[in-house]
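Enquirer: everything below, folded, please.
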Amino acid sequence: MKKIEVFDPAMCCSTGVCGTDVDPKLVQFASDLSWLQGQGVSVERFNLSQQPAAFAANEKVRATLKEQGTECLPMIVADGEIVMKSVYPTREQLTLLAGAKLSFSSAPAASTCCGGESEASKRSQSSCCGGDSSKSSCC
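Expert: Residues are numbered from 1 along each chain as shown. Predicted coordinates for the structure are as follows:
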């Protein structure tokens, strides 16, 4: 398996749940990285404001920052090679970058959320996209 390193721009935290402004992209990315680690992939994440030495220690990251400035962050490195800059990858892209066939969960959903009713959604009497929203566990 590959080693994935994420070099984040300077920010207070990498989860996206900082202060009053929650960044849903960062929340999703943090979740995707956690999922990737659960698949056995080695993942390291560095924040420019908290771990500047990691940026300085990586020759390719340091050179790219010198040439392009912080606009190139976030920077994604797979096995020592810069593979993405300026954008956070999706879970699907992370899967490809990890260089392995990773399995997505095949467990059936408890409800189909707008795609019909499962036994679980019938029991909860929630239609998710209509009906009594006070009983809905989705939307």
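Enquirer: which residues of this protein fall in strands?
Expert: Counting by DSSP state E, the chain has strands at residues 3-8, 17-18, 21-22, 42-47, 75-78, 81-85.
Enquirer: of those strands, which is nearest W35?
Expert: Distance to W35, taken as Cβ to Cβ, is lowest for strand 42-47 among these, at 9.9 Å. Quick note: C-beta positions are derived from backbone N, CA and C, even for glycine.
Enquirer: could you tell me the least trusted of the strands of the chain?
Expert: Across these, strand 17-18 has the smallest mean pLDDT, namely a mean of 70.
Enquirer: give me the low-pLDDT residue ranges for the protein?
Expert: 1, 16, 19, 100-139 (pLDDT under 70).
Enquirer: which one's the longest helix in it?
Expert: helix 24-38 (DSSP state H).
Enquirer: number of nearby residues for the residue nearest to R91 when sequence neighbours are not counted?
Expert: Among residues not flanking R91 along the chain, D32 sits closest, at 4.3 Å (Cβ to Cβ, 6 or more residues apart in numbering). Using other Cβ atoms under 10 Å, D32 has 19 other residues around it.
Enquirer: thought D32 was touching T90?
Expert: Yes: with contact defined as Cβ atoms under 8 Å, D32 reaches T90; the gap is 7.3 Å.
Enquirer: closest to L97 out of the strands of the chain?
Expert: Per Cβ to Cβ, nearest to L97 of those: strand 75-78, 4.9 Å.
Enquirer: which residues does that closest one contact?
Expert: 2-7, 58, 60-61, 64, 82-85, 89, 97-99 (Cβ atoms under 8 Å, 6 or more residues apart in numbering).
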